[in-house]
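Enquirer: Here is my input, please return the structure:
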Amino acid sequence: MTEIRPLGLEGVVEIIPKKFGDERGFFSETFNAKVLKEAGIEIDFVQDNHSFSAQKGVLRGLHFQTPPFAQDKLVRVTRGAVFDVVVDIRKGSPTFAKWVGVEISAKKWNQVLVPKGFAHGFVTLEPDTEFLYKVSNYYSRDCDRSIRFDDPQIGVEWPIDSAVILSDKDRAAGLLAETETGFHCEV
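Expert: This next block holds a predicted model:
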């Protein structure tokens, strides 16, 4: 049975699918809409994305898309390991600018659900890491946004011991306070 565990931010959960193995290898049902629906999660995913990072210390994020192209994400690792981070960017939310982090790995066989209204990023903990994720909306260059991975307002405690490897986009990202996220939470 798939295990679903809340991670402390509204709607952010860790999902651990059951894995059946024998001398031939293993089988796992990594996505089942019915199981998620029974847990109160109903998302129509429209696209799968796959990234590969050749080195340890590759940091991607913190990324999100603004409405009307906001995306829910279901993220997992099929080879290697990452420290995965989710940040609440819903202005007015009691957990605005708060973050959670969890190791996702091929060994742990876990996943994280990142709802709309949250920024997402990860850093590779091993070389040759493959990261796969489902999204609920298509990519839009006009709605694509990034927040600095080291924004002091957020204060993510990345488990890194040397310089990170960033894209030009992530190197140029602004602070959360300077970013119109498009997400607001009425409490």
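Enquirer: Show the average pLDDT along the longest helix anywhere in the chain.
Expert: The single longest helix within the chain, with elements called by DSSP state H, is helix 33-38. Averaged across helix 33-38, pLDDT comes to 94.
Enquirer: after that helix comes which helix or strand?
Expert: strand 47-53 (DSSP states H and E).
Enquirer: Which elements pack onto that next one?
Expert: strand 129-135 (3 or more C-beta pairs under 8 Å, 6 or more residues apart in numbering; DSSP states H and E). C-beta coordinates here come from the backbone N, C-alpha and C atoms, glycine included.
Enquirer: helix or strand right after the strand it packs on?
Expert: Assigned by DSSP H and E, the successor of strand 129-135 is strand 144-146.
Enquirer: Find the residue at the geometric middle of the protein.
Expert: Central residue of the chain (C-alpha atoms, centre = their mean): H120, 4.4 Å from the mean position.
Enquirer: The host helix or strand of that one pairs with which strands?
Expert: Per DSSP H and E: H120 is located in strand 118-124. As defined by DSSP bridges, the strand partners of strand 118-124 come to strand 59-65 (antiparallel), strand 81-88 (antiparallel).
Enquirer: Most tightly packed of these?
Expert: strand 81-88 (a mean of 25; mean count of other C-beta atoms under 10 Å).
Enquirer: For G25, the count of nearby residues, please.
Expert: Here the count is done by other C-beta atoms under 10 Å, and G25 has 7 residues near it.
Enquirer: likewise the one 5 residues further on?
Expert: Residue crowding around T30 was assessed by other C-beta under 10 Å; the count is 15.
Enquirer: Same question for K18.
Expert: Using other C-beta under 10 Å, K18 is surrounded by 11 other residues.
Enquirer: Next one: it from Q47, what distance?
Expert: Separation of K18 from Q47 (C-beta to C-beta, to the nearest Å): 25 Å.
Enquirer: what bits of the protein have low per-residue confidence?
Expert: Within the chain, the stretches with pLDDT under 70 are 187.
Enquirer: From L36, how far out is the residue lying farthest from the centre of the chain?
Expert: Relative to the mean C-alpha coordinate of the chain, counting by C-alpha atoms, centre = their mean, the farthest residue is E23 (32.4 Å). Counting by C-beta to C-beta, the gap from E23 to L36 is 31 Å.
Enquirer: ok, now I89?
Expert: Counting by C-beta to C-beta, the gap from I89 to L36 is 23 Å.
Enquirer: Then N49?
Expert: From N49 across to L36, the span is 19 Å (C-beta to C-beta).
Enquirer: okay, these two: which has more neighbours?
Expert: It is L36, of N49 and L36, that has more neighbours when counted by other C-beta under 10 Å, with 18 against 13.
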